[in-house]
Every structure is written in C-alpha cells, then in structure tokens.
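A.B. asks: next come a sequence and a model predicted from it.
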Amino acid sequence: MTLSLSDSTWYPIASSDDLPFRHVYQGQLLGRELAVWRADDGNVNVWENRCLHRGVRLSIGINEGGELKCQYHGWRYANRSAGCTYIPAHPADAPARRIQNRTYPVREAFGLVWSAANDDQAFQPFPGAETGDWFPLRPIPVNAAPEDVLAGLIGLAPDDQPADILPGLAVRLGHAHYFVQPVDSGRAVIRGVLAGQPEDAIAILRHYNETLTKLRDRLERAARKKPAPAPLEPAFEKVSVDLATMPDIAIPRGNTTTVVVKRKWTSADGVIGFELAPREGHLPTFQPGAHIDLHLPNGLIRQYSITNGPGDLLSYIIGVKAESASKGGSKILVESVREGDLLSISEPRNNFPLRRDAVRTVLIAGGIGITPLLSMARFLDKSRLPYELHYFTRVGEQVAFRADLESLHGKVILHTGLARTEIGQTISQALGEWSHAQHVYVCGPSAMLESVRVTAATQGWPEESIHFEYFKNDKVIDDSSTFEVELARSAMTLQIPAGKTIMEVMREAGLSVPSSCEQGACGTCLTGVIEGECDHQDVYLNDSEKRANTAILTCVSRAKSARLVLDI
C-alpha cells in the first residue's frame, strides 16, 4: 500500500489524558516535534517544540497555567498566541511583538488531541463521530512505516466483515476506529477509539492492548527486513538572531483590530468595565502593564490599560472612569457605547513593563490606576512571585474590580479615605528602606505619583527601581518657542514655529511618526537626541533621563537651544 502523508491532513497526536494539570507533552507528527500543553482555561496549545532563543525543547519547560516557561534561560510564551511575554536577560523591556513561536492547528475531540502541519483544511470528524460516545484505547507506538501500519490494521478485519477505510490513515473495524499517527517515515502510533463506554474498561483495554501489541511485533519484524526509509525533513522557519534586542514598541497610526463590546458593567461607582472580544480567534499577545489605543465613535483616540492575566487572550478587559470634565473620551464610552457595538483598537504596547527578577515587588495604585497593576498582580500570582499591592481610594469611592482583587493570593491592602498626611506615611511604610532587587510600580493621580517618587528617593530607592505610569500630563505646556530641528537619518531640516509641536511639523513634512497619548505621558514617540538642549515638558522620562539629554518626546517637548539634531 502506498499513501502520501499530507501536511493538511488532521491526525491524532495525543490522548486527552496525556495533558494533566500543568503538564507539557512531547508530540510528534510528520517529522516534527511538538510541545502540547493545556492551559488553566482549558485551551490546548500545539507549538513547535523549541524555544526561540537557543532551540531548547519546550516540552521540558514549565507550564504555569497561562504561560509556558523555557527551562534554559526563562523565556516565557503566552497561551493561545505563543507570543513571548518575558525575557529575563532584558527584564526592564517588553519583548518585541515579532517574537512568536510557530503554532499548529488543534482540536480536542473523542478523547484525542488532533493537529495538522498547517490549517489549509478544516477539521472534519470521521463518519459517525458526532453520534457516538467514544472510549479511547491505549496508544501503541510502532517502528514501521505509517502505510504499513495501516495495512496491518486492515488485515485485522475478519473475512466476513471487511475493513472500512477512512480518510487520513484511518480504518473502522466493527465498533473500533483506528487512526495512524505518522510520526516519521518509519515510525507511527496506533490510536483507537471504541463506540460506547464499556462496562469493564480494564478488560477491554487489556484485550485491545494484547491484539495491537501482537500486530506491532509483527510489523516491526517485517520492517527490520526492509531498507530504512529516508526520514522526513520538514522545513522550519529560521529565527532571527536579533530577537532579544530592544522592543519595537512603535505602532503606526491606523493599524487597528476590530473588536466587539462583549460585556459592559459597573465595576465600581464611577468606574465602568468593558470586555472587548475579537470577532474570531484571539487577540494579540500583551505583557503586564500594557495598554491599547481605543478608537472612539466620535473620532477621539484614548489609551486604556489591559487588566487581564497571563495567556488570557479571548478578550481584553479595561476600566473606564466616568469623568465629569471629560472632553468626549470617557463620556462617549460610558454614555453611548453599548454591548454588541464594534470598536477599533491598536495592538497592545507596553511602556510600563513588569520585571520578574525582583525579590520584592511593591504595587501602589490610586483610583483607576489599579488597572495596569491588577494585570501585574495576576502575572506575579501565576508565577508564585512575592508582591504586595496597596490600593488607595478616596472617601466614598468604591474599589474597582473588587472580585478580581479578592481572588489574588498575594498581599492586597486597601486604603480608603486616608488624609493626605496619612497617605504619605502609608506610602513610606509600604516602601521601607530599599535593598537589592526591590522594585516599586505606581499608577494613579499625578500627586500620588510624585509623592511615591519623592518618598522612594528619600528612602534610598534608586531611580531604576521606581516605575511609574501617568494617565495624563497635568503640566501646562509652553509652546511659545521657535527653533530648528535637523532629522539626521531623514536628511531633513524643519522649522518649528510657536504653537506647533515637533511631531506635528514632522507629519506635515510627510513623515510617519508613531504616537499614542500625544501629551507626553506614554513614551511612544520617544526619539533619540544627537545634539542640542531639550526643553522637557513630559512626565514620561525620569529626572536623570532628562538630565542626560539623549531622548525627547516629540509630542510636547521642545528645544532650549536654537537647534536640535534628532536620530530619526
């Protein structure tokens, strides 16, 4: 019998029982090694069995429920997308979006896990599969060519009941359906299911195991008499050696994904939760601290942090504070957007990444600033890393996402209605004196951020251990200066008049400039400075970064000197 092994054909590669809690199974198909694992949400992942860093097998990695962690250098990959979420050698950076392992299509059905080398063909159950209650048999590996194994199975049929040959190296013999998993040109696995649940499962398993073991022995004796077939050599995509470099956080304007408002609810008085789901499949990989640009029906673009935990890509959950002084952002979301509406979002970007090499992590949130820190706490929870979360709310202000906070296993402390002096004392006590490998993350009102930064510095915390994210820039921007900007790599010289930003003039000159908040808070438009003195008016750079004068946010900052030379 001569059969062609198709990359588009679906084959069983594992039993459902091969995927117990937090396990990683090494599957094999058509010469490929596969890392097969079930996440805590029940999703089964089938990935190429190698870490993108050094090629170490991910099947010996650690299944953390929402991420798979390589044992060698600790790279982490997200459930569903296989996108990299953390690189220990670059703990202060969010990994580039292009770092994503190869995934294979997967279906779990009839007690088996099925996959194919590509998804050119949709998964189709075998005839009669929908009407049966199926009992999986013990798999039997065979060192013989897959087509010979199929022929051997066909030969098991009695003379008065011929075998029913099915598509995809499969055959039906009475109540049993057998499937040949083509591991390689000279290796296969027999997997079978029976119609109905047997009364004596052990006796049935023993009977079929004895029958298939005898067939395996016979097939392997015959295979040893034949020339060994050439092994299959699947093509693997090469991985760029520069994957571990700085992240590419800039996303062109207009590069959006359409999502549906799956759910809208009141998370707390004045805080509305939105669940944004894709129309099909899953959403892109994100890291804790990431945010999205949300394109609103009135044309405005606003930024909102993702509150999700690791590997949770079926939807993004954001929190929106109902602002009485809103210019149309939160107002239209709260009052006009309804469940079922379609919105556009950017891919996630992360200017507030979480390090996971800290011996102590302190999270400090004020009001709606809980949103990015909730995501961080969830990631730390899954990794069983120590942290404490301090959440400050005003008198009469409810705790947003309370149920999610109560489900955390770390130290979560709620501070409600404290006076300004008490807030300062509480922050001081929460921080304590700095010691090696401690990090603090703070998000909330500007006054709280400044208080944490000043208190931390007073208590010996170095700037590189203080991480912050402003929701907005409260500074009054002085745009009265005029100066000249030379774009070194673009070979252009631009005149920046009063009343216009560097970013606006660059766009008028035809340049594509990535941006997000456009108020000096998010860092998306960060550009290198080669020459000249900057007039920093942002809240993104810390004091030492501003003194270094090596970078500028083109959306708000300007020049003190007559001329700036930018690395763009």
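C.D. replies: Structure's in. What do you need?
A.B. asks: for this structure, which segments count as helices?
C.D. replies: Under the criterion DSSP state H, the chain contains helices at 146-154, 201-224, 329-335, 370-382, 402-406, 420-431, 446-458, 502-508, 543-548.
A.B. asks: which stretches of the chain have low pLDDT?
C.D. replies: 1-4, 236-254, 324-328 (pLDDT under 70).
A.B. asks: what's the single longest strand in it?
C.D. replies: In the chain, with assignment by DSSP state E, the single longest strand is strand 256-268.
A.B. asks: can you pull the buried residues of stretch 507-521?
C.D. replies: 513-521 (16 or more other Cβ atoms under 10 Å). Where you see a C-beta, it was placed from the backbone N, CA and C, and this is true even at glycine.
A.B. asks: how about the strands of the stretch 101-250 of the chain, start to end?
C.D. replies: Assigned by DSSP state E, counting those that start in this stretch, the strands in the stretch 101-250 of the chain fall at 106-109, 112-115, 134-136, 140-142, 164-166, 170-173, 176-184, 187-195.
A.B. asks: among the ones you listed, which is nearest Glu406?
C.D. replies: Comparing the strands of the stretch 101-250 of the chain against Glu406 with Cβ to Cβ, the closest turns out to be strand 106-109 (31.8 Å).
A.B. asks: how far off centre is the closest one?
C.D. replies: Taking Cα atoms, centre = their mean, to the nearest Å, one finds the center of strand 106-109 at 22 Å from the center of the full chain.
A.B. asks: CA atoms only: put stretch 449-461 into CSV for me.
C.D. replies: Taking C-alpha atoms only, stretch 449-461 is exported to CSV below (Å, rounded to 0.1, in the frame of the first residue of the first chain):
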residue,chain,number,x,y,z
LEU,A,449,3.0,59.5,41.7
GLU,A,450,5.0,62.5,42.7
SER,A,451,4.6,61.5,46.4
VAL,A,452,5.8,58.0,45.7
ARG,A,453,8.8,59.1,43.6
VAL,A,454,9.9,61.7,46.3
THR,A,455,9.4,59.3,49.2
ALA,A,456,11.2,56.5,47.5
ALA,A,457,14.1,58.7,46.6
THR,A,458,14.3,59.9,50.2
GLN,A,459,14.4,56.3,51.5
GLY,A,460,17.2,55.3,49.2
TRP,A,461,15.4,53.8,46.3
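A.B. asks: ok, back up a step: redo the strands of the stretch 101-250 of the chain as TSV? Include mean neighbour count and distance to Gln495.
C.D. replies: As requested, those are exported to TSV (neighbours: other Cβ atoms under 10 Å; distance: least, Cβ to Cβ, whole Å):
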stretch	mean neighbour count	distance to Gln495
strand 106-109	18	57
strand 112-115	24	59
strand 134-136	17	73
strand 140-142	20	73
strand 164-166	14	74
strand 170-173	20	72
strand 176-184	24	66
strand 187-195	23	70
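A.B. asks: if we compare these, which one ends up closest to Thr527?
C.D. replies: strand 106-109 (42.5 Å).
A.B. asks: who's in contact with that closest one?
C.D. replies: By Cβ atoms under 8 Å, 6 or more residues apart in numbering, the residues outside strand 106-109 that reach it are 10, 16, 44-46, 113-115, 123, 125, 129.
A.B. asks: let's go with 7 Å and repeat that
C.D. replies: 16, 44, 46, 113-115, 123, 125 (Cβ atoms under 7 Å, 6 or more residues apart in numbering).
A.B. asks: kindly reformat those as a markdown table containing distance to Asp538.
C.D. replies: As requested, the contacts of strand 106-109 are exported to a markdown table (distance: Cβ to Cβ, whole Å):
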| residue | distance to Asp538 |
| --- | --- |
| Ser16 | 53 |
| Val44 | 45 |
| Val46 | 44 |
| Val113 | 50 |
| Trp114 | 52 |
| Ser115 | 48 |
| Phe123 | 51 |
| Pro125 | 57 |
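A.B. asks: closest one to Gly396 out of these, please.
C.D. replies: Closest to Gly396, out of all of the contacts of strand 106-109 and judged by Cβ to Cβ, is Val44, at 46.4 Å.
A.B. asks: quick check: that closest one vs Ser59, distance?
C.D. replies: Distance from Val44 to Ser59, counting by Cβ to Cβ, to the nearest Å: 14 Å.
A.B. asks: I figured Leu19 hits Arg38, correct?
C.D. replies: Yes. Taking Cβ atoms under 7 Å as the definition, Leu19 is a contact partner of Arg38 at 4.2 Å.
A.B. asks: quick check: domain ranges of this structure?
C.D. replies: 11-123, 126-242, 256-346, 360-470, 483-566 (automatic domain parsing).
A.B. asks: would you reformat those as a markdown table and include distance to Leu5?
C.D. replies: Formatted as a markdown table, those follow (distance: least, Cβ to Cβ, whole Å):
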| stretch | distance to Leu5 |
| --- | --- |
| domain 11-123 | 6 |
| domain 126-242 | 5 |
| domain 256-346 | 28 |
| domain 360-470 | 39 |
| domain 483-566 | 45 |
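A.B. asks: which one of those domains lies nearest to Val476?
C.D. replies: domain 483-566 (8.8 Å).
A.B. asks: mind listing what's buried in the longest strand of the chain?
C.D. replies: 256, 259-262, 264, 267-268.
A.B. asks: so which elements touch it?
C.D. replies: Here strand 256-268 touches strand 271-278, strand 342-346, going by 3 or more Cβ pairs under 7 Å, 6 or more residues apart in numbering; DSSP states H and E.
A.B. asks: residues making contact with the last one?
C.D. replies: The contact list for strand 342-346 (Cβ under 7 Å, 6+ apart) reads 251, 255-261, 276, 292-295.
A.B. asks: for that strand, the distance to its chain's centre please.
C.D. replies: Distance, centroid of strand 342-346 to centroid of chain: 18 Å (Cα atoms, centre = their mean).
A.B. asks: which residues touch Cys84?
C.D. replies: By Cβ under 7 Å, 6+ apart, the neighbours of Cys84 are 52, 75-77, 95, 99-100.
A.B. asks: list residues touching both of Leu19 and Arg38?
C.D. replies: Val44.
A.B. asks: show me which of those two is the more surrounded one.
C.D. replies: Per other Cβ atoms under 10 Å, whichever of Leu19 and Arg38 has more neighbours is Arg38, with 23 against 20.
A.B. asks: could you report the neighbour count for Lys475?
C.D. replies: If we define neighbours as other Cβ under 10 Å, then Lys475 has 16 of them.
A.B. asks: and it, how far is that from Val452?
C.D. replies: 18 Å.
A.B. asks: Gly270 now?
C.D. replies: The separation that Gly270 has from Val452, given Cβ to Cβ, amounts to 23 Å.
A.B. asks: sounds good, over and out.
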